[in-house]
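This is the structure alone, sequence omitted:
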């Protein structure tokens, strides 16, 4: 089987359409079709074909080695010519052997340096010692004249007192008294108006309060130990379930719901204007 046939067989074994695999890999469908048709020339290059085949194998969870073995590798044109050029450059840059017995001849710069050293040694040998003594004395005289003279100031005679007079600072002007700033006392905030009806639950009870116009002010279960206040536009329609478990205050005064409680302990009453 060719590489394209192996990839097509793996895709069909998973029951996947080629468009689904192309969308998963984010590549055009035409490139996957060319790969499955072994049309490597329709792809950018063999390197791209091998990379695409490896991605398809990973997506289909198959071993990519047998598939990649069927796809030709990338060609590297010009490598042989580059190797030949490099070899010729190395051979041309190698030092040439010459002289007797294959030994290399010394360079011209080295011969010039050796000649200068020999001339300097000859001069040192032929110049008399007296000339060196005169040259040393001249250098010493020039060095002595270039030194900077240091002049010390004469010391003050004994018993002389040197006083330093510091300028007197001007007398500070008296600071005028700063008047005390009294912050205004804020007016007391008026206490919020008391709730029209207050419920204190000794046990869980369902309470409903509706104001004028039919708007619900309270409609829920009040838990034991909870206190709930309600204010609205009277008349207020109040329904208290398990009235024996709830203490009621209307306009700050206790309100007895026992006479109003009917069967089941439900009390109904109205709070009028």
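Nice, thanks for sending it over. Treat the numbers as computed from the prediction; the structure is a model and nothing was measured. Numbering: from 1, shown residues only.

can we go C-alpha only for contacts and neighbour counts from here?
Fine.

Please enumerate the strands of the chain.
For the chain, applying DSSP state E gives strands covering 197-201, 205-210, 216-222, 227-230, 236-240, 246-250, 253-255, 267-271.

if I look at the spatially closest residue to residue 238 that is not a sequence neighbour, how far off is residue 241?
Here the nearest residue to residue 238 in space, its sequence neighbours aside, is residue 209; by Cα to Cα, 6 or more residues apart in numbering that works out to 4.6 Å. Distance of residue 209 to residue 241, given as Cα to Cα, to the nearest Å: 12 Å.

Would you mind confirming that the residue nearest to residue 238 makes contact with residue 235?
No - counting by Cα atoms under 8 Å, no contact exists between residue 209 and residue 235, whose distance comes to 10.3 Å.

Low-confidence ranges, the stretch 101-250 of the chain, go.
Filtered on pLDDT under 70, the stretch 101-250 of the chain yields the residue ranges 101-107, 119-193.

Next, the contact list for residue 219, please.
Residue 219 sits next to 206, 207, 208, 209 when contact means Cα atoms under 8 Å, 6 or more residues apart in numbering.

Bridge partners for it, pull those for me.
residue 208 (DSSP bridges).

Mind putting the strands of the chain into CSV with distance to residue 261?
Listed next are those as CSV, based on distance: least, Cα to Cα, whole Å:
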stretch, distance to residue 261
strand 197-201, 16
strand 205-210, 13
strand 216-222, 18
strand 227-230, 20
strand 236-240, 9
strand 246-250, 12
strand 253-255, 13
strand 267-271, 4
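
For residue 49, find the nearest of those.
Shortest distance between residue 49 and these, using Cα to Cα, is found for strand 216-222: 71.1 Å.

circling back: among the contacts of residue 219, who's most crowded?
Among those, residue 209 has the most neighbours (other Cα atoms under 10 Å), with 22 neighbours.

Show me how the record splits this protein into domains.
Domain assignment for the chain, taken from automatic domain parsing, gives 3-70, 197-271.

so how far is residue 3 from the closest residue in space to residue 62 that isn't next to it in sequence?
Among residues not flanking residue 62 along the chain, residue 10 sits closest, at 7.5 Å (Cα to Cα, 6+ apart). Distance, residue 10 to residue 3, by Cα to Cα: 11 Å.

Same check on residue 237?
Counting by Cα to Cα - residue 237 and residue 3 are separated by 85 Å.

For stretch 217-237, list every residue counted as buried.
217, 218, 222, 230, 231, 232, 236, 237 (16 or more other Cα atoms under 10 Å).

so who does the last one touch?
Put plainly, it is residue 237. 208, 209, 210, 211, 268, 269, 270, 271.

burial of the nearest residue to residue 29 once chain neighbours are set aside, as a residue count?
Distances taken as Cα to Cα, 6+ apart place residue 22 nearest to residue 29, at 5.5 Å, with adjacent residues excluded. Around residue 22 there are 17 other residues, counting by other Cα under 10 Å.
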